[in-house]
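Colleague: From the sequence below, what's the structure:
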Amino acid sequence: MTIIDGFAASRVTVNGTALNVARGGSGPPLLLIHGYPQTHAMWHKLAPRLAADFTVVAPDLRGYGDSACPPSDPEHYAYSKRAMAQDMAELMAALGFAQFAVAGHDRGARVTHRLCLDYPERVTRAAVLDIAPTYTMFATADKAFGDAYYHWFFLSQPYDLPERLIGADPAYYLWAKLRKWGRDESAFTPAALAEYQRCFARPESIHATCEDYRAAATIDLAHDEADLGRRIGCPLLALWGEKGFIAQKHDVLEVWRERADDVRGRALPSGHFLPEEAPEETYAELRAFFGAS
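Modeller: This is a model prediction of the structure:
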């Protein structure tokens, strides 16, 4: 299902996983990938406007929203960014798009990073919203990082400690994350918040999202370390919230220039959730970047 105005939802099975996919508009293909602890509904303020110029595809990642939750495995590969990137590449191929542009927020931006590395011939342009590379963030972790991003270490604890604790009150945990990382509670509309709560409350999704972070702390790091020195060749837009942790901790453009050849971007007046807290500014940046020839 989808709450995005003018979009149709369908289920598309790729890479052995049934994904919930919202699609709307016409024109060049643009893939939008959500982050934690949300669903594709986080794009509801931007997607209809972008659909005036692009064919917008907004899926729920495996384990999130109304997408399937594949069985986990000891190496956490099922929830690695490589597996998720393969989902996205196969999804766009199944929809008939040999090449496409992509924007990702939070975990979706980490999937976007992996897409650019694993499928460089497929991605024409990419935007990463409010992240620094995973490898960089772990390598520079300190007390400030632990205070702001404690969930990276909590969610990656062995099964089933975080699952039990979150499962005791999923709505409270979800809202606590939105409040902590955002700077404007009113940015989350009742419809979007209800959708996040509905999907996040599923025990299988709580487990899957923990597996996402277990993968980040293990197999994703191994993949990233193996790819140190590989560079993103397509144009890359980095946007971040000026009131968020990423802005305080990192020179965002500089860290992405260590990994990509053509990087541009700026801070926007928001916390972590740019598409909801600063929709006008985020839309303007994405429209200009993806509309460039």
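Colleague: hey, let's count contacts and neighbours off CA atoms from now on
Modeller: Will do.
Colleague: taking the mean pLDDT, what do you get for the helix or strand where Met88 lies?
Modeller: Met88 is part of helix 81-94 when elements are defined by DSSP states H and E. Averaging pLDDT along helix 81-94 gives 98.
Colleague: Okay, buried residues for it please.
Modeller: Across helix 81-94, burial judged by 16 or more other CA atoms under 10 Å covers 81-92.
Colleague: Tell me which two of those residues sit farthest apart.
Modeller: The largest distance within the buried residues of helix 81-94, taken as CA to CA, falls between Lys81 and Met92 and amounts to 16.4 Å.
Colleague: Between the buried residues of helix 81-94, which sits nearest Leu161?
Modeller: Lys81 (22.6 Å).
Colleague: For that closest one, which non-adjacent residue is closest in space?
Modeller: Nearest residue to Lys81 in three dimensions, chain neighbours excluded: Val111, at 5.2 Å (CA to CA, 6 or more residues apart in numbering).
Colleague: That neighbour should be in a helix, yeah?
Modeller: Yes: assessed with DSSP: H, G, I helix; E, B strand; the rest coil, Val111 lies in a helix.
Colleague: Isn't it up against Met84?
Modeller: Yes: Val111 lies in contact with Met84 (CA atoms under 8 Å); the separation is 6.4 Å.
Colleague: Return the helix holding Met88 as CSV; C-alpha atoms alone will do.
Modeller: Presented in CSV, the C-alpha positions along helix 81-94 are these (Å, rounded to 0.1, in the frame of the first residue of the first chain):
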residue,chain,number,x,y,z
LYS,A,81,23.6,-3.2,1.9
ARG,A,82,24.9,-5.4,-1.0
ALA,A,83,21.8,-7.5,-0.8
MET,A,84,19.6,-4.4,-0.6
ALA,A,85,21.4,-2.8,-3.5
GLN,A,86,20.8,-5.9,-5.5
ASP,A,87,17.1,-5.7,-4.7
MET,A,88,17.0,-2.1,-6.0
ALA,A,89,19.0,-2.9,-9.2
GLU,A,90,16.8,-5.9,-10.0
LEU,A,91,13.6,-3.9,-9.2
MET,A,92,14.5,-1.1,-11.6
ALA,A,93,15.4,-3.7,-14.3
ALA,A,94,12.0,-5.5,-13.7
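Colleague: after it comes which helix or strand?
Modeller: strand 100-105.
Colleague: Pairing partners for that following strand, with directions?
Modeller: The pairing partners recorded for strand 100-105 under DSSP bridges are strand 29-33 (parallel), strand 123-129 (parallel).
Colleague: can I get the CA coordinates of it in CSV?
Modeller: Taking C-alpha atoms only, strand 100-105 is exported to CSV below (Å, rounded to 0.1, in the frame of the first residue of the first chain):
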residue,chain,number,x,y,z
PHE,A,100,18.2,5.3,-13.4
ALA,A,101,19.0,8.1,-10.9
VAL,A,102,18.6,7.5,-7.2
ALA,A,103,18.2,9.4,-3.9
GLY,A,104,18.5,7.8,-0.5
HIS,A,105,18.0,9.0,3.0
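Colleague: I'd like to check the angle between it and helix 81-94, please.
Modeller: 140 degrees (axes from the mean of the first three to the mean of the last three CA atoms, to 10 degrees).
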